[in-house]
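A.B. asks: no sequence for this one, just the structure:
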């Protein structure tokens with residue numbers, strides 16, 4: 001991908017692959033899914049063959065459950081492998097910004113090119129690299145929820161009709177400051193918001209949510225790069241909070257997602273725990289020769 005002729009100054013960013021720690025954690029989880037799902041299916045089929053009483057029939061639900069566990073693991077692996085093979089790439093000079101954007105949860109890739117003269121605003125905002133609600137611990141903690149978040153900076157170039165969204169892999173990546181300073185040098189309007197714009201690998205915050213956000217009255221504030229993103233962000237947030245007394249908005253799809261997740265966790269406890277108890281009781285009875 002080559003830019004049109006301009007100055008010799010050029011900034012680039014290529015999305016890195018997942019580091020070895022999270023890659024190892026994922027493969028360990030996938031191994032767990034494989035062992036668990038296969039064990040459910042094999043154990044149930046073995047009971048059907050060896051036991052002719054109703055106990056074996058009572059455990060027949062393990063087969064579809066095991067298949068579901070294996071399918072879930074395969075889906076996670078497929079999305080991860082797609083992401084590792086399809087990395088986004090961006091570059092910018094004093095005339096244009098171009099990028100090839102690929103997103104695993106949507107299975108798409110798109111090439112965009114914006115002339116700098118057509119860009120109406122560049123916004124930096126946080127996005128979720130990882131986000132989960134801790135459902136363990138005392139009831140008081142589960143009731144209120146313990147949200148574990150890892151955020152990264154997201155740079156959004158907007159024209160009147162389109163957006164280009166660059167996801168930096170961490171808050172400490174030096175490319176963040178390089179791009180921010182170059183944007184400022186080109187005289188482009190640079191703004192800030194703490195509104196969570198995206199969730200990596202999850203459809204909970206959709207492109208339509210970002211469309212709605214930019215159509216609404218702006219809560220963004222001007223951003224003049226001084227000490228760099230990590231040093232500037234705390235003061236930016238304080239200034240944003242002073243200007244926007246109403247506080248931080250949450251996208252409707254994220255709210256709906258969180259409500260659905262709470263329902264799933266509630267029903268999951270009522271279903272999984274009794275089934276697990278029944279499973280181990282029946283297994284114990286069989287091992288003791290009571291079946």
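C.D. replies: Thanks, I have the structure now. Worth saying up front: this structure is predicted, and the values here are computed from it rather than measured. Residues are numbered from 1 along each chain as shown.

A.B. asks: next up, phi/psi of residue 14, please.
C.D. replies: phi -120, psi 130 (degrees, to the nearest 10).

A.B. asks: and the chain, what are its domain boundaries?
C.D. replies: Per the TED database, the structural domains of the chain span 14-83, 116-245.

A.B. asks: export the ones you listed to TSV and append columns for distance to residue 91, mean neighbour count and mean pLDDT.
C.D. replies: The way it works is simple: take the backbone N, C-alpha and C, and place the C-beta from them, glycine included. Compiled in TSV, the domains of the chain are given as follows (distance: least, Cβ to Cβ, whole Å; neighbours: other Cβ atoms under 10 Å; pLDDT from 0 to 100):
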stretch	distance to residue 91	mean neighbour count	mean pLDDT
domain 14-83	9	14	75
domain 116-245	10	16	84
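
A.B. asks: can you redo those as CSV with distance to residue 98?
C.D. replies: Formatted as CSV, those follow (distance: least, Cβ to Cβ, whole Å):
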stretch, distance to residue 98
domain 14-83, 13
domain 116-245, 9
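
A.B. asks: quick one: which of those domains is nearest residue 94?
C.D. replies: Distance to residue 94, taken as Cβ to Cβ, is lowest for domain 116-245 among the domains of the chain, at 6.1 Å.

A.B. asks: start to end distance for that closest one?
C.D. replies: 33 Å (Cα to Cα, to the nearest Å).

A.B. asks: now do stretch 215-225
C.D. replies: 26 Å.

A.B. asks: any idea how far residue 228 is from residue 74?
C.D. replies: 42 Å (Cβ to Cβ, to the nearest Å).

A.B. asks: hmm, I was thinking of residue 121
C.D. replies: Relative to residue 228, and taking Cβ to Cβ, residue 121 is found at 21 Å.

A.B. asks: over to residue 85?
C.D. replies: Following Cβ to Cβ, the distance that separates residue 85 from residue 228 is 32 Å.

A.B. asks: over to residue 155?
C.D. replies: The spacing between residue 155 and residue 228, counted by Cβ to Cβ, is 14 Å.

A.B. asks: same check, this time on residue 219
C.D. replies: The spacing between residue 219 and residue 228, counted by Cβ to Cβ, is 23 Å.

A.B. asks: what of residue 179?
C.D. replies: From residue 179 across to residue 228, the span is 11 Å (Cβ to Cβ).

A.B. asks: same check, this time on residue 237
C.D. replies: 15 Å.

A.B. asks: and if you look at residue 207?
C.D. replies: Distance from residue 207 to residue 228, by Cβ to Cβ: 29 Å.

A.B. asks: verify the stated contact: residue 40 with residue 68.
C.D. replies: No - Residue 40 lies out of contact with residue 68 (Cβ atoms under 8 Å); the separation is 9.3 Å.

A.B. asks: what are the phi and psi angles of the residue nearest to residue 222 when sequence neighbours are not counted?
C.D. replies: Closest residue in space to residue 222, ignoring its immediate chain neighbours: residue 191 at 6.0 Å, by Cβ to Cβ, 6 or more residues apart in numbering. The phi/psi pair for residue 191 (degrees, to the nearest 10) reads phi -130, psi 170.

A.B. asks: what's near enough to touch residue 191?
C.D. replies: 121, 122, 123, 124, 218, 220, 221, 222, 223 (Cβ atoms under 8 Å, 6 or more residues apart in numbering).
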